[in-house]
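> quick one, what's the 3D model for this:
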Amino acid sequence: MDDQKHKEDNPEDTEKSTGNSDELKQTEENSSEMNTVEKKEIEPKKSVVTKKIPEKDPSKKRASIGRGSIMTEPIKRRSFFSWLTIAWLAFTAATGTFFGIILRFMFPNVLFEPKQTFKAGYPDDYTIGEVSTNLKDKFGVWIIRSTEQIYALSTVCTHLGCTPNWLKNESKFKCPCHGSGFRKTGINFEGPAPRPLERFRISLANDGQILIDKTKKYAYEKGQWSDPESYLIV
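Numbers count the residues shown, from 1 in each chain. Predicted coordinates:
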């Protein structure tokens, strides 16, 4: 109560007290502002780093679709036509190979056999008692001349179709496959061959040369060697 009375009695004192409080607040605000300013001055300035945008490599392909998306430089006309020519040639070659394979399957294999009728020279070209092997590889024929006749023997073994060899020292035909043996006349005498060699038709042509026809065969076991066309009298 005394205090209230004292305040009411002294209004000047109350005004002074309020004024002092305002001054204190103002000084505190000023000091805080000064502190913040000092802090700003004390803190070092951060250096601003500018980000560099990487330059695009013109040689690299772009991911987007559109003009210049694959290459920055346009394709030259000359190189374009050269690639086009290569592609066309490759296509033509592939197409030709494909049709060639088709045609290959359409036409079967053809075996070109030697002539079945041919001339074998003159009778005087052959020596008596000898076997001529000159026509063995080309025509499959042995030509033998005896003292009385000339005849042509087949070079096919009558066992399994192998080709015997003429052994001059042993005076016989010997098959290398299974050992069949034939005499100079063509008669079989050893090995598994079941019958003699076959003879071919032989005659003289208009020009006097020996003419052999392989389309006509003569077998000994059938009595065909007595046929006048199975030998040539000289």
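> where does this structure have its least confident helix or strand?
helix 2-9 (a mean of 45; mean pLDDT, DSSP states H and E).
> okay but residue 189 is in contact with residue 181, surely?
Yes. Contact criterion Cβ atoms under 8 Å: residue 189 and residue 181 qualify, at 5.7 Å. Heads up, the C-betas are built off the backbone N, CA and C, glycines and all.
> which one of these two has more residues nearby?
A direct count of neighbours by other Cβ atoms under 10 Å for residue 189 and residue 181 places residue 181 higher, at 17 against 11.
> skipping its backbone neighbours, what lies nearest that one in space?
residue 190 (3.8 Å; Cβ to Cβ, 6 or more residues apart in numbering).
> how close does the one you found get to residue 215?
Distance of residue 190 to residue 215, given as Cβ to Cβ, to the nearest Å: 30 Å.
> more neighbours: which of those two?
residue 190 (13 against 8).
> what's near enough to touch the more buried one?
179-181 (Cβ atoms under 8 Å, 6 or more residues apart in numbering).
> dump those residues to a markdown table, plus pLDDT.
Below are the contacts of residue 190 laid out as a markdown table (pLDDT from 0 to 100):
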| residue | pLDDT |
| --- | --- |
| 179 | 92 |
| 180 | 95 |
| 181 | 95 |
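> now flag whichever of these is closest to residue 150.
Distance to residue 150 across these (Cβ to Cβ) is lowest for residue 181, with 22.7 Å.
> and that closest one, backbone torsions?
With angles defined as degrees, to the nearest 10, residue 181 sits at phi -120, psi 140.
> if I look at it, how far off is residue 216?
From residue 181 to residue 216 the distance is 26 Å (Cβ to Cβ).
> quick revisit: tell me the confidence at the residue nearest to residue 181?
For residue 190, the pLDDT comes out at 94.
> any idea how far residue 179 is from it?
Distance from residue 190 to residue 179, by Cβ to Cβ: 7 Å.
> repeat that for residue 159.
Residue 159 is 9 Å from residue 179, by Cβ to Cβ.
> which one of the two has more residues nearby?
Ranked by neighbour count (other Cβ under 10 Å), residue 159 and residue 179 place residue 159 first, with 18 against 12.
> tell me the pLDDT of residue 186.
94.
> no no, residue 40
For residue 40, the pLDDT comes out at 50.
> can you list the low-confidence ranges for this structure?
1-81, 104-114 (pLDDT under 70).
> if we go to 50?
Regions of the chain meeting the criterion pLDDT under 50 cover residues 1-12, 14-19, 37, 39, 41-42, 63-65, 68-72.
> tell me where it has helices.
Using DSSP state H, the helices of the chain run over 2-9, 11-42, 77-106, 136-139.
> residue contacts, residue 145?
123, 126-130, 132, 234.
> what about the longest strand in the protein?
Taking DSSP state E as the criterion, the chain has its longest strand at strand 210-218.
> who are the packing partners of it?
strand 117-119, strand 141-145, strand 149-154, strand 199-204 (3 or more Cβ pairs under 8 Å, 6 or more residues apart in numbering; DSSP states H and E).
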